[in-house]
Structures are given as structure tokens and as C-alpha cells.
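Engineer: Predicted model and sequence below, questions to follow.
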Amino acid sequence: MVSIGIFAIVLAGSWAAYLNYQRSNNLDSYSGQVLSLIYQAQNQAMSRMCDQGCDISENGQNYGIYFDTVNQKVVLHSSIVYSPTDPYNIDLNVPDNLSISSNIPDANLVFEKVSGEV
């Protein structure tokens, strides 16, 4: 009976350690994916270079990252203002055992066209 109790305690401890390890791996993986999406938005904003002889303000496009805390996803979008109905949005859903929050104004991080500055 004592050995069953000890086994149950060891099993419970192992299970808790496994769940913590899995959550940590999900967090590491997801944060890497979010950073990749942020760099992609910045690179796309910078890559819209002007052809010779044109006004830079006429070419290029702002790209941004929207942190959707209601639907638990991060979205790459191609405008100053996030539009959830834009078919060109790229969604990155948050894993079930994680959640996001944002302290960025309007939860929208926008990169300026050509310069890539925020």
C-alpha cells in the first residue's frame, strides 16, 4: 500500500513536470513564430521600393502586426489600420495552453513603408 502511494506521488510529480515542459516548449516555439512574423512585416514594408523617377510616397505600403487578444491570434496585415476581413491577412493562432495580451496602443504595431520604422 505504501509503495502504491509513493508511486502515485512520483507519477503526479512527473506529470506536472511534463506539462510544465510542454508549456515551456510551446511558449518558446510560439514566441519564435511571432518574432518571425514581426520581421516579415518589417521586411515587407521596407521591400516596396520605388522605381526610378517616381515619388516614394506613391509606392510601398505599410505593414503591421495586430495582437488580437479576443480571438487569441497575432495577425500580419498590409495597412495602417487592421481590417479583420482583409483576405491577405496572415493569422498566427495562439496555442491552447497559452494566451496573449498587449500593451501596444490599439494592439497594432505598424511599420512605415520603405523605412520600416515603427
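Structural biologist: Yes, it's here. Numbering: from 1, shown residues only.

Engineer: With adjacent residues omitted, what lies nearest to the residue nearest to the spatial centre of the chain?
Structural biologist: Closest to where the C-alpha atoms of the chain average out (Cα atoms, centre = their mean) is Val34, at 3.1 Å. With sequence-adjacent residues excluded and distances taken as Cβ to Cβ, 6 or more residues apart in numbering, Val34 is closest to Val74, at 5.4 Å. Using the backbone N, CA and C atoms, a C-beta is placed for each residue, glycine as well.

Engineer: Please name the bridge partners of that neighbour.
Structural biologist: Bridge pairing for Val74 (DSSP bridges) gives the partners Phe67, Leu92.

Engineer: Quick one: residues contacting it.
Structural biologist: Contact criterion Cβ atoms under 8 Å, 6 or more residues apart in numbering gives Val34, Leu37, Ile65, Tyr66, Phe67, Asp68, Asp91, Leu92, Val94, Ile100 as the residues in contact with Val74.

Engineer: Help me confirm that the fourth one comes into contact with Val81.
Structural biologist: No - if you go by Cβ atoms under 8 Å, Tyr66 and Val81 don't touch, sitting 9.4 Å apart.

Engineer: who touches both of those two?
Structural biologist: Once Cβ under 8 Å, 6+ apart is applied, the residues that Tyr66 and Val81 both contact turn out to be Asn108.

Engineer: out of the two, which sits in the more crowded spot?
Structural biologist: Under the neighbour definition other Cβ atoms under 10 Å, Tyr66 and Val81 were set side by side, and Tyr66 has more, 24 against 11.

Engineer: How about the contacts made by that one?
Structural biologist: Tyr66 is in contact with Val74, Val75, His77, Tyr82, Ala107, Asn108, Leu109, counting by Cβ under 8 Å, 6+ apart.

Engineer: Tell me how far the second one lies from Phe67.
Structural biologist: Computed as Cβ to Cβ, to the nearest Å, the Val75 to Phe67 distance reads 8 Å.

Engineer: residue ranges of the strands in this structure, please?
Structural biologist: Counting by DSSP state E, the chain forms strands over residues 63-68, 73-77, 90-93, 108-111, given from the N-terminal end onward.

Engineer: Thank you kindly, that will do.
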